[in-house]
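Colleague: Fold the following for me, if possible:
(2 chains)
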Amino acid sequence: EADIYQTPRYLVIGTGKKITLECSQTMGHDKMYWYQQDPGMELHLIHYSYGVNSTEKGDLSSESTVSRIRTEHFPLTLESARPSHTSQYLCASSEGTELETQYFGPGTRLLVL
Amino acid sequence: KNQVEQSPQSLIILEGKNCTLQCNYTVSPFSNLRWYKQDTGRGPVSLTIMTFSENTKSNGRYTATLDADTKQSSLHITASQLSDSASYICVVSDRGSTLGRLYFGRGTQLTVWP
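Modeller: Predicted structure coming up:
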């Protein structure tokens, strides 16, 4: 079982609200990722970080932002939630070696009304 | 265009039976291929990783094969159990480490019935 945690696990929120999805890992991994996954669809990378103060946008355009102030913490923020943001958000981390395995958190299921 | 295609989209088998899931990819240049298991409502968990030179990799009742020439991989599950019910995702990396990116398939949803 990987030591990577996400909170909340489920969130129902109204349009226009600001939300922050938390992700933390205790493995000391430098690389962390945020993915978005809709039911029956593939994972899409929306943000990643190679270390403290390093953040990059992924392949899927996203209105969310991330920060990496501490190695173990990689929160994702939506300034103004919309129904189109309804999805599952998965956080992952990896060691950064060539055959790196990404360890995933349990995910946050977000429903924006 | 780099893609990962999985088949079948869904599969139902009886407990104790074997099954094989398929993954075809067009990712190039190829670095490695992984199979993940994702239980409902959970994050994916790695089952196997194979590089270009590896033809097969086992993890308990799970055996993955790779044919880098035809760009095909399979995941064989032996003596299925109810706990095998999950989505199985094929992931291909185009390079290792910092320069690499991952291409995800949509997964095969496996249901094991008693």
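Colleague: tell me, how many neighbours does A:Thr20 end up with?
Modeller: 14 (other C-beta atoms under 10 Å in any protein chain shown). In this view, the C-beta of every residue, glycine as well, is placed from N, C-alpha and C.
Colleague: And the strands in chain B, which stretches?
Modeller: For chain B, the strands defined by DSSP state E occupy B:4-7, B:10-14, B:19-25, B:32-38, B:45-51, B:56-59, B:62-67, B:72-77, B:86-93, B:102-104, B:108-113.
Colleague: Just give me the lowest mean pLDDT stretch among those.
Modeller: When the strands of chain B are compared on mean pLDDT, strand B:102-104 scores lowest, with a mean of 89.
Colleague: quick one on the thing from earlier: with mean neighbour count and distance to A:Ser94 as added columns, please give the strands of chain B in TSV.
Modeller: What follows is the strands of chain B, written out as TSV (neighbours: other C-beta atoms under 10 Å in any protein chain shown; distance: least, C-beta to C-beta, whole Å):
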stretch	mean neighbour count	distance to A:Ser94
strand B:4-7	17	19
strand B:10-14	13	29
strand B:19-25	19	20
strand B:32-38	23	11
strand B:45-51	18	10
strand B:56-59	15	19
strand B:62-67	18	20
strand B:72-77	20	21
strand B:86-93	24	11
strand B:102-104	20	10
strand B:108-113	18	24
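Colleague: Now tabulate those strands in CSV and tack on distance to A:Ser67.
Modeller: What follows is the strands of chain B, written out as CSV (distance: least, C-beta to C-beta, whole Å):
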stretch, distance to A:Ser67
strand B:4-7, 31
strand B:10-14, 38
strand B:19-25, 34
strand B:32-38, 27
strand B:45-51, 27
strand B:56-59, 36
strand B:62-67, 37
strand B:72-77, 37
strand B:86-93, 26
strand B:102-104, 23
strand B:108-113, 35
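Colleague: any chance of those in TSV, plus distance to chain A?
Modeller: Shown next, in TSV, are the strands of chain B (distance: least, C-beta to the nearest C-beta, whole Å):
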stretch	distance to chain A
strand B:4-7	8
strand B:10-14	9
strand B:19-25	12
strand B:32-38	6
strand B:45-51	5
strand B:56-59	12
strand B:62-67	14
strand B:72-77	16
strand B:86-93	8
strand B:102-104	4
strand B:108-113	8
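Colleague: Excluding chain neighbours, what is closest to the residue in chain A that chain B sits nearest to?
Modeller: Using C-beta to the nearest C-beta, the single residue of chain A nearest to chain B is A:Phe104, 2.9 Å away. Once flanking residues are discounted, A:Phe104 sits nearest to B:Gly43: 2.9 Å by C-beta to C-beta, 6 or more residues apart in numbering or on different chains.
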